[in-house]
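> sequence isn't available, so here's the structure alone:
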């Protein structure tokens, strides 16, 4: 029971001001002759509230008509009944004794209020707000208490009903499949459903009463300041919209979320609500789709073969630069002549190219290998063309694709190679070293070695993915080995060719602004099958705000593929590879890649960047490799005006350090 002390409302002459007559009025009084209390009953009978006066012993000495109607049956009186006899519980009786004693003992309290439950004459009871005022006799030291009552039972029932409705609503919100979080105008969490607990890792008892920024990464917490001001002026950039942000779990891990925020005001108080959905899987799919698109786009653009796509009517819709060169089309006429060229309408029925296109439009792969006269010039080109139909995932026919190889260079290379072989026999004694002969030989075989790998890799992937028919598990395993072997062969050829052109000083780099994190991510993706197969744990720590570097994407990607490939290869099953990057004070980006592998003996450490060097060069080698990986890495890093070095101990893992200048 709560007592609220209130100051009396007195007129200038010290008399009591007359209150308005309604249910919620506080009837005030001060001093009056107790001999006239009975005469005041007429006034109290006019009030809508029921009124009692009790003496200093708690005995009822006056009751207005409203009180008599409520408390006693017809023909009975309230005089000489103790006030505690009309209360519902023993606890309230004890509390009333304390209250009355406080007022009658002469302390500072002259008025106050409390909620009490009073019995009716028929045995029922209601809750009332009881207003207490001290009365003093003008002719003696006697005291009494004026009690006025306002029925708050209906209010209590309404509050209980609202409480039940609220419980039903919160019970529903607790079971919805989305995380639901409510907070007050200070950002203090007031509601937390089960889905939110699963999503963020906090139990309800841990999070209730905490600030909403507890589930935000630190970089977003500053944005929460000034929230109320944004809401009040109606310029919030997020309220009423679905936005993507980042959430922070209890274990300090971050994850992408999609949330809808609402805000409302009730009786001047602001309440915020957020529906939160974890979009980690969606983001991962989007990223994988983007990586796949970029991968195939780069294959299309950087392919040494001509590639073009044609629609279901035989019209060319897309092509790469190599095809433009093969067909000898002027660059300014590519759009007007080549793109939009209708192959079916432009050749007669006996033309082999038209026959191949018609076959593909019927859903059957086709092939052409012969000399071809370009329709855009007088050039006659010996070509080999592979035609394939294109079918979407939904089974819709989308035309076809053709891969074209120009035999001109190959034939010239064959003639040059024959001549070279003759010259080589004559000049063999004049060669100063086997390296020079090897370098010259590799440079002449560059195109010949790389060209067959493109269709091998492409068709292997198509077969593995089921594009050319479903495979059983054994067949898929075999195709996977074919793909891995072709990739190893490609890397070997690339390494040998890079060494060859490096020695000749003919490497051409294309320097563009790059994010080192994206270069490393691409390298990790390239090595992901080997990482997965050996169950390695990858730990990566690269700040999001690290500056850009200026470098060649393809060559830098090759650097980190080689380093990560070594870490994977020389680290036992279930090992760990740690990758970190930071900006140094000298404006250089420092990158380190550490593994928990077998390490390198100290006497061999100084030689690992030498050409064709292998720590295990025995005939019973356990690990594969050609001894060119780190040599190529050093050459590329040096071309980027950077530094690379290694730290290792036998049996204790290896760390490769790289320094690159920031852009």
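Alright, I've got the coordinates. These figures come from a predicted structure and were not determined experimentally. Numbers count the residues shown, from 1 in each chain.

> going by C-alpha atoms from here, please, whenever you check contacts or count neighbours.
Will do.

> and the longest helix belonging to the chain, what does it pack against?
In the chain, with assignment by DSSP state H, the single longest helix is helix 473-503. In this structure, helix 473-503 makes packing contacts with helix 434-444, helix 446-450, helix 453-464, helix 629-639, judged by 3 or more CA pairs under 8 Å, 6 or more residues apart in numbering; DSSP states H and E.

> and the very next helix or strand once past the last one, how far from the chain's centre?
For helix 629-639, the succeeding helix or strand toward the C-terminus, using DSSP states H and E, is strand 643-648. When distances are taken as CA atoms, centre = their mean, to the nearest Å, strand 643-648 is centred 35 Å away from the chain's centroid.

> in the stretch 451-600 of the chain, where is pLDDT below threshold?
The stretch 451-600 of the chain contains residues with pLDDT under 70 at 496-497, 500-506.

> cool, and the stretch 1-150 of the chain?
Scanning the stretch 1-150 of the chain for pLDDT under 70 picks out 1-30, 73-79, 106-110.

> now do the strands in it.
31-32, 50-55, 60-63, 111-119, 125-137, 143-151 (DSSP state E, counting those that start in this stretch).

> quick check: neighbours of the second one in the sheet, parallel or antiparallel?
Strand pairing for strand 50-55, using DSSP bridges, gives strand 60-63 (antiparallel), strand 143-151 (antiparallel).

> with the fifth one instead?
In the sheet containing strand 125-137, the strands it pairs with under DSSP bridges are strand 31-32 (parallel), strand 111-119 (antiparallel), strand 143-151 (antiparallel).

> hmm, back to that, would you list the strands of the stretch 1-150 of the chain in JSON lines and tack on mean neighbour count and distance to residue 82?
Listed next are the strands of the stretch 1-150 of the chain as JSON lines, based on neighbours: other CA atoms under 10 Å; distance: least, CA to CA, whole Å:
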{"stretch": "strand 31-32", "mean neighbour count": "14", "distance to residue 82": "22"}
{"stretch": "strand 50-55", "mean neighbour count": "23", "distance to residue 82": "8"}
{"stretch": "strand 60-63", "mean neighbour count": "21", "distance to residue 82": "6"}
{"stretch": "strand 111-119", "mean neighbour count": "21", "distance to residue 82": "13"}
{"stretch": "strand 125-137", "mean neighbour count": "21", "distance to residue 82": "16"}
{"stretch": "strand 143-151", "mean neighbour count": "23", "distance to residue 82": "13"}
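
> can you lay out those strands as JSON lines showing distance to residue 647?
Putting these into JSON lines (distance: least, CA to CA, whole Å) gives the following:
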{"stretch": "strand 31-32", "distance to residue 647": "97"}
{"stretch": "strand 50-55", "distance to residue 647": "93"}
{"stretch": "strand 60-63", "distance to residue 647": "97"}
{"stretch": "strand 111-119", "distance to residue 647": "79"}
{"stretch": "strand 125-137", "distance to residue 647": "82"}
{"stretch": "strand 143-151", "distance to residue 647": "85"}
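
> which one of the ones you listed lies nearest to residue 202?
Of all these, the one in closest proximity to residue 202, counting by CA to CA, is strand 111-119 (39.2 Å).

> can the strands paired with strand 125-137 go into TSV with extra columns for distance to residue 645?
TSV is the format used below for the strands paired with strand 125-137 (distance: least, CA to CA, whole Å):
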stretch	distance to residue 645
strand 31-32	99
strand 111-119	82
strand 143-151	87
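
> before we move on, the earlier item: so which of the strands of the stretch 1-150 of the chain gets nearest residue 640?
Proximity to residue 640, assessed across the strands of the stretch 1-150 of the chain by CA to CA, is greatest for strand 111-119 (82.9 Å).

> surely residue 194 meets residue 179?
Yes: under the criterion of CA atoms under 8 Å, residue 194 makes contact with residue 179 at 7.4 Å.

> higher neighbour count, the two?
residue 179 (23 against 18; other CA atoms under 10 Å).

> how much does the longest helix of the chain deviate in direction from helix 453-464?
Going by axes from the mean of the first three to the mean of the last three CA atoms, to 10 degrees, helix 473-503 is angled at 160 degrees with respect to helix 453-464.

> from the chain's centroid, how far away is helix 473-503?
Distance, centroid of helix 473-503 to centroid of chain: 36 Å (CA atoms, centre = their mean).

> tell me which residues are up against the helix or strand just after it.
Tracing the chain past helix 473-503, the next element assigned as helix or strand by DSSP H and E is strand 512-514. Defining contact as CA atoms under 8 Å, 6 or more residues apart in numbering, one finds that strand 512-514 is touched by 548-553, 663.

> try 10 Å this time
The contact list for strand 512-514 (CA atoms under 10 Å, 6 or more residues apart in numbering) reads 547-553, 556, 662-663.

> out of those residues, give me the one that has the most neighbours.
If you count neighbours using other CA under 10 Å, the busiest of the contacts of strand 512-514 is residue 551, which has 26 neighbours.

> just the helices in the stretch 501-650 of the chain please.
With DSSP state H, counting those that start in this stretch as the criterion, the stretch 501-650 of the chain has helices at 516-526, 528-533, 553-569, 629-639.

> which elements pack onto the last one?
By that I understand helix 629-639. Based on contacts counted as 3 or more CA pairs under 10 Å, 6 or more residues apart in numbering; DSSP states H and E, the elements that helix 629-639 packs against are helix 473-503, strand 549-551, helix 553-569, strand 643-648, strand 654-661.

> what comes up buried for that helix?
Neighbour-count burial for helix 629-639 flags 629-637 (criterion: 16 or more other CA atoms under 10 Å).

> where does the prediction get shaky in the stretch 251-400 of the chain?
Residue ranges of the stretch 251-400 of the chain with pLDDT under 70: 264-269, 292-300.

> my read: residue 572 touches residue 530, true?
No: judged on CA atoms under 10 Å, residue 572 makes no contact with residue 530 at a distance of 11.9 Å.

> so what sits against both of these two?
With CA under 10 Å, 6+ apart, residue 572 and residue 530 have common neighbours residue 536.

> how far away from the center of its chain is stretch 44-54?
Its chain's C-alpha centre and that of stretch 44-54 lie 67 Å apart, by CA atoms, centre = their mean.

> cool, stretch 176-193 as well?
Remark: stretch 176-193 is offset 19 Å from the chain centroid, using CA atoms, centre = their mean.

> same check, this time on stretch 369-376
Centroid separation for stretch 369-376 versus its chain: 52 Å, with CA atoms, centre = their mean.

> residue numbering should commence at 805 henceforth.
In the new count, where the first residue is 805, that last one comes out as stretch 1173-1180.

> ranges for the helices of the stretch 805-954 of the chain?
Ranges of helices within the stretch 805-954 of the chain are 845-849, 869-875, 894-908, based on DSSP H, counting those that start in this stretch.

> which one of those lies nearest to residue 1018?
Nearest to residue 1018, of all those, is helix 894-908, at 43.6 Å by CA to CA.
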